[in-house]
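In: Quick one, structure for this:
(chains A and B)
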Amino acid sequence: MPHSVAAAVANAPAQPSVSSGRIKASPLAKKVASDRGLDLNAVQGSGPDGRIIVRDLTNTPASSVRPPAPLPRRTEGEAFRDVPLSQIRKTIAKRLATSIGPVPTFYLTTEIDMERAAEAREALKALGPEGKVSFNDIIIKATALALRQHPDCNAWWQDDRIRYWNEIHVSMAVAIEDGLITPVIRHADQKSLREISAESKDLAGRARERKLTPEEYTGGTFSVSNLGMFDIDQFTAIINPPEAGILAIGSVSDKAVAHDGQVMVRKRLRVTMSCDHRVIDGATGAAFLKTLKTLLENPLAMVW
Amino acid sequence: MAQFDIIILGGGPAGYVCAIRAAQLGLSTAVIEKDKLGGVCVNIGCIPTKALLHSAAAANLIAHEARELGISTGEIKTDYGVAMKRSRKISEQNSKGVEFLMKKHKITVIKGTGSLLPGRKIKVGADIHEARKGIVLATGTRVKGIPQIGLELNGTTVISSDEALFLEKAPATMAIVGAGAVGCEFADIFNAFGSKVTLIEAMPRILPVEDAESSDAIAKSFRKRGIQTLAGAKVTKAVVAKDKVTLTVEAGGKTETVEAERVLMAAGRAINTENMGFKEAGVQLTDRGFIKVDLKTLETTAPGVYAIGDMAGPPMLAHKGSREGVVVAEMLAGQHPHPIRYDNVPSVTYCHPEVASIGLTEDQCKEQKLDYQVGRFPFSANGRARATNETEGFVKIIRDKKYGEILGAHIVGGHASEMIHELVVARENEYTVEEVDLAIHAHPTLSEAIAEAALDSMGKVIHI
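Out: Predicted coordinates:
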């Protein structure tokens, strides 16, 4: 897989959200970040002791010659709606957090038959170099479409409320030299597979060269982390707060499975979803995964 | 051939500070100085002028305020020669202090004029010294005259600060060409010692790089004390006689004749680059005659050769040079020093009242089309200032409307030079006007005016 993805999400310590824990940032940087909706957790500070200063938010790296692409604004109406916590949600949040840590996480695993997705991928490849897409591109597209059907999973935990996003911005974990970064494919549900493929290649490439602007790696609403290229069958990824869910994608590999009553060799993929239980309940996450499975097992449904 | 890790050419405030920092970090360090350690700053600049300005302030205080303060005096006489000798003593003490610091840090001081050779080598007399890590150029600047209009420095009637600092008595009349910090400080000094001073500035106002309100406040204060200021003035002709100079000055469409016993040239400085082998060693200059450096590393166009202080470009201020010295020393020792914020170097003029500033002037904010709000607080409304008869001046803070960033701050007042640093710290750490106000200011202090100006910029001033 040419552009890729998260070696380290699974190992990375969960970062504190903006509202919890102290972030070293100048008062001015805090004001600017809050005004522009930037997540200071994702910003590398260049001040004394890594303190975030305003230049870290505004400076495009000097070597970058390419102006950042304008963000598409294709969603009608508000970008999100804030829902204050009900009493029951508050209690669930508190009890779960005490039990497991700041982000009470649970995991859901499903195995997806990727035979048709693989066929579709080969068919696209036959169209020429432009048609070359990765499994990861297909998964990002399917994830975005599944989120559209399950907005309950496309949300941010905000301490006193849950922010349900009407826009779908998929963070994709990219391994870089000394860690990882999560560039964001914005409005992924509204982009063609071709657009997603081109954008993820560009973002991953520039991520490794450390040429992303803060706007390009903050503001995701859901994450995808892929260790398939390392032959990992299955793993659990750590949620990237304030997002509430992340998909850990294993490798697409040939397996002997029962199919239509016969034992056959099929291309299979194991996907594990980590859910912030304060936002997503078991049934909600399972329903989302079911949709994702349907889309990947029947890729035509994505354009249906 | 002696070898050092780092060789610094010039022992002024940029060079000697660089040397101390390098030595602290364990580098073997040499400083080459042809004259006295401490450079212009210690010997013929910052320090002796502050000593003379103190004399001037005391003279003004006694002459104008003693009676009101309940002190009766006899006839007051001033003697510039005595004040000058005191200033010399202070300069010598400071220069000795630098010598002591060199010894304390085991820095080799080489007396002589260094000449740069290719390949990180410097020749002093017959000796060649080699630097393993880097050579740092810090030879500074000197005063230059304006020979184009007949005002060539002659050391008697047409002088620079170099001579003014050694005069035995104040002249009866003095014309000062250039009303920047140096010109205004000497105007203040010689006026207090009884000279009739005419201050001539080519730009439209005195202290041209300061905020227009600061310039106006000083012009007003000078006028009150009998210093004549001619701004937007061009010296078109100079007739230099044996005991006086006659200047023809065009200002505001009128032509005036200014006669003075001495003309003090306080405009422009020339960079000391000549006859030191810079060009031959591959050190290039900018169009304006400074040494061309990479502002991130201060390295010149000759690899391994660095330039700091006045010669590395404006602002030509000792504290800017010192910081550059620290940064280069730390880089050469393998550290990653915090980059210098050249937009956050304070500027101070020590005339009375003092003028201090940081960041942008209001005119610059206008030019850059910034959305700003000005906050002001006059010292006349400050209790401490009234108690000490220092009601001249104000604090002015220019705030960015959206985020409250301190775009610039300007103080005119008795202790502006000491007060500005609160705002320098604020800007360096990106505190906004709100954080400045949140810090509780002791009462009664002049610094309360800073908090009030911050509040005023948000429309919440308390005491006016």
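In: Poorly predicted segments of the stretch 351-464 of chain B, please.
Out: Within the stretch 351-464 of chain B, no stretch has pLDDT under 70.
In: for it, what spans make up the helices?
Out: Ranges of helices in the stretch 351-464 of chain B, per DSSP state H, counting those that start in this stretch, are B:362-367, B:383-387, B:416-428, B:433-438, B:448-457.
In: Need those in CSV (columns: mean neighbour count).
Out: The way it works is simple: take the backbone N, C-alpha and C, and place the C-beta from them, glycine included. Formatted as CSV, the helices of the stretch 351-464 of chain B follow (neighbours: other Cβ atoms under 10 Å in any protein chain shown):
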stretch, mean neighbour count
helix B:362-367, 14
helix B:383-387, 15
helix B:416-428, 20
helix B:433-438, 20
helix B:448-457, 26
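In: Tell me which of those helices sits nearest to chain A.
Out: Closest of the helices of the stretch 351-464 of chain B to chain A is helix B:433-438, at 5.3 Å (criterion: Cβ to the nearest Cβ).
In: Can you tell me how far B:Met203 is from chain A?
Out: 32 Å (Cβ to the nearest Cβ, to the nearest Å).
In: wait, that residue sits on B:Gly232?
Out: Yes. Using Cβ atoms under 8 Å, B:Met203 is in contact with B:Gly232, at 7.1 Å.
In: Nearest residue to B:Phe333 in space, please, no chain neighbours.
Out: That one is not Phe; residue B:333 is Ala. Leaving aside its sequence neighbours, B:Ala333 sits nearest to B:Leu25 (Cβ to Cβ, 6 or more residues apart in numbering or on different chains; 3.8 Å).
In: Surely the one you found and B:Gln335 touch.
Out: Yes. Contact criterion Cβ under 8 Å: B:Leu25 and B:Gln335 qualify, at 7.3 Å.
In: of these two, who's got more company?
Out: B:Leu25 (16 against 12; other Cβ atoms under 10 Å in any protein chain shown).
In: in the stretch 251-400 of chain B, what residue is nearest chain A?
Out: For the stretch 251-400 of chain B, Cβ to the nearest Cβ, closest residue to chain A: B:His338, 6.1 Å.
In: number of nearby residues for that residue?
Out: B:His338, neighbours per other Cβ under 10 Å, totals 14.
In: Repeat that for B:Val240.
Out: 16.
In: Contacts only, for it.
Out: B:150-151, B:154, B:157-158 (Cβ atoms under 8 Å, 6 or more residues apart in numbering or on different chains).
In: Can you lay out those as JSON lines showing pLDDT and neighbour count?
Out: Output for the contacts of B:Val240, formatted as JSON lines (pLDDT from 0 to 100; neighbours: other Cβ atoms under 10 Å in any protein chain shown):
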{"residue": "B:Gly150", "pLDDT": "81", "neighbour count": "16"}
{"residue": "B:Leu151", "pLDDT": "87", "neighbour count": "22"}
{"residue": "B:Asn154", "pLDDT": "92", "neighbour count": "13"}
{"residue": "B:Thr157", "pLDDT": "95", "neighbour count": "19"}
{"residue": "B:Val158", "pLDDT": "95", "neighbour count": "23"}
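In: Looking at these, which are in strands?
Out: B:Val158 (DSSP state E).
In: of all the contacts of B:Val240, which comes closest to A:Met229?
Out: B:Leu151 (75.8 Å; Cβ to Cβ).
In: and B:Leu298, which of the helices of the stretch 351-464 of chain B is closest to it?
Out: helix B:416-428 (19.5 Å).
In: chain center to the closest one: distance?
Out: 16 Å (Cα atoms, centre = their mean, to the nearest Å).
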